[in-house]
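Peer 1: Next come a sequence and a model predicted from it.
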Amino acid sequence: MQYRVQGIVIRSMDYGEGNKIISLFTREYGKMSVVARGAKKVKSRYGSSAQLFTFGDYLFYKNGQLGTLNHAEIIEPYHKIREDLHRAAHASYLAEMTERMMGDQEGQPFLFDQLKASMTAIQEDKDYEIIDHFYEMKMLTYAGYTPELDQCMVCRESSEAVALSIGLGGILCEKCILRDPQAIRISSGVFKLLRVFVQTDVRRLGQIDVKPQTKALLKHIMRSYFDTHVGLRLKSRDFLDQMDKYGV
């Protein structure tokens with residue numbers, strides 16, 4: 001069957017002497033794997049279109065697990081992402097998260113738009129860590145692990161949130177906070193940002209100014225929640241942590 005799709009390259013790996021296998025995240029069909037023959041060669045017509053993060057039009061024939069690329073036209077190469085270590089590291093995190101969490105050929109138009117908007121936001125130098133959290137929350141929602149932010153997880157009342165229980169999967173009020181000794185105390189500002197991550201389309205993201213201590217707490221919350229409920233070990237996230245550790 002022949003496909004013509006718009007897609008973002010979320011993985012690119014060598015295959016044989018001169019070929020690459022690319023994973024495309026497409027609007028209509030979700031994740032699809034395609035062989036780009038000759039893409040490793042210097043004068044290949046597919047060299048640029050098979051690079052990680054590239055957004056383009058792809059035409060391929062698919063009969064089984066792998067498609068064979070017949071034509072590609074680049075729409076947005078995202079050069080600025082690939083040319084900068086920090087941009088590339090954060091974009092790689094979003095790409096690997098998508099590649100690992102999405103099943104093959106699961107059409108997710110909204111998630112496609114969120115990933116594309118996130119890549120654009122990284123290229124435009126918006127806050128990389130905040131972009132990560134927006135997209136993490138979209139992927140958590142896709143996987144069915146959206147945190148409960150409207151009512152206390154214990155008493156089920158719409159009381160003021162004072163803590164987030166990672167294990168219970170949502171907020172706790174003051175009278176119920178002792179039900180989870182591991183609950184993380186949160187300010188009203190952190191609570192509002194968590195709700196923004198859930199409710200706001202990344203395509204509408206403007207500049208967000210977040211204090212360093214607030215960003216550190218948000219990172220702790222999102223990492224803990226992701227690890228508890230999804231449990232994927234991502235190499236790109238380990239690389240981000242190494243960059244933070246050594247002040248790169």
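Peer 2: Thanks, I have it. Numbering: from 1, shown residues only.
Peer 1: show me what contacts the residue lying farthest from the centre of the chain?
Peer 2: Relative to the centre of the chain, the most outlying C-alpha is that of Lys175, 35.1 Å out, by Cα atoms, centre = their mean. Contacts for Lys175 were tallied using Cβ atoms under 8 Å, 6 or more residues apart in numbering; they are 155, 159. From N, CA and C alone the C-beta is placed, and that goes for glycine too.
Peer 1: Could you tell me whether it really is in a strand?
Peer 2: No - according to DSSP: H, G, I helix; E, B strand; the rest coil, Lys175 belongs to no strand; its state is helix.
Peer 1: Return the distance of it relative to Phe60.
Peer 2: 58 Å (Cβ to Cβ, to the nearest Å).
Peer 1: follow-up on the earlier one: what pLDDT does the model give the residue farthest from the centre of the chain?
Peer 2: Looking at Lys175, its pLDDT reads 96.
Peer 1: How many residues are close by Gln207?
Peer 2: Residues lying near Gln207 (other Cβ atoms under 10 Å) number 10.
Peer 1: Going along the chain, name the strands of the chain.
Peer 2: For the chain, applying DSSP state E gives strands covering 2-15, 19-26, 30-36, 55-62, 66-76, 163-165, 170-172, 184-185.
Peer 1: Could you export these to CSV, including columns for distance to Lys126?
Peer 2: Shown next, in CSV, are the strands of the chain (distance: least, Cβ to Cβ, whole Å):
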stretch, distance to Lys126
strand 2-15, 18
strand 19-26, 21
strand 30-36, 25
strand 55-62, 18
strand 66-76, 16
strand 163-165, 25
strand 170-172, 27
strand 184-185, 26
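Peer 1: out of those strands, nearest to Phe110?
Peer 2: strand 30-36 (11.5 Å; Cβ to Cβ).
Peer 1: So which elements touch that closest one?
Peer 2: In terms of contacts (3 or more Cβ pairs under 8 Å, 6 or more residues apart in numbering; DSSP states H and E), strand 30-36 is packed against strand 2-15, strand 19-26, strand 55-62, strand 66-76.
Peer 1: What's the separation between the residue nearest in space to the middle of the chain and Tyr78?
Peer 2: What sits nearest the mean C-alpha location of the chain, by Cα atoms, centre = their mean, is Leu94, with 3.2 Å. Note on Leu94: its distance to Tyr78, by Cβ to Cβ, is 12 Å.
Peer 1: do Gly231 as well
Peer 2: Applying Cβ to Cβ, the value for Gly231 to Tyr78 is 29 Å.
Peer 1: Please parse the protein into its domains.
Peer 2: Listed domain ranges for the chain are 2-77, 82-245 (source: automatic domain parsing).
Peer 1: end-to-end on the shortest one?
Peer 2: Meaning domain 2-77. 24 Å (Cα to Cα, to the nearest Å).
Peer 1: repeat for stretch 55-70
Peer 2: Taking Cα to Cα as the criterion, the two ends of stretch 55-70 lie 16 Å apart.
Peer 1: Give me the residues contacting that stretch.
Peer 2: 1-9, 21-22, 24, 26, 32-37, 46, 49-50, 71-78, 104, 116, 119.
Peer 1: And stretch 219-229, by the same measure?
Peer 2: With contacts defined as Cβ under 8 Å, 6+ apart, stretch 219-229 is touched by 129, 132-133, 136-137, 140, 143, 145, 147, 164, 166-167, 169, 184, 186, 190, 194, 232.
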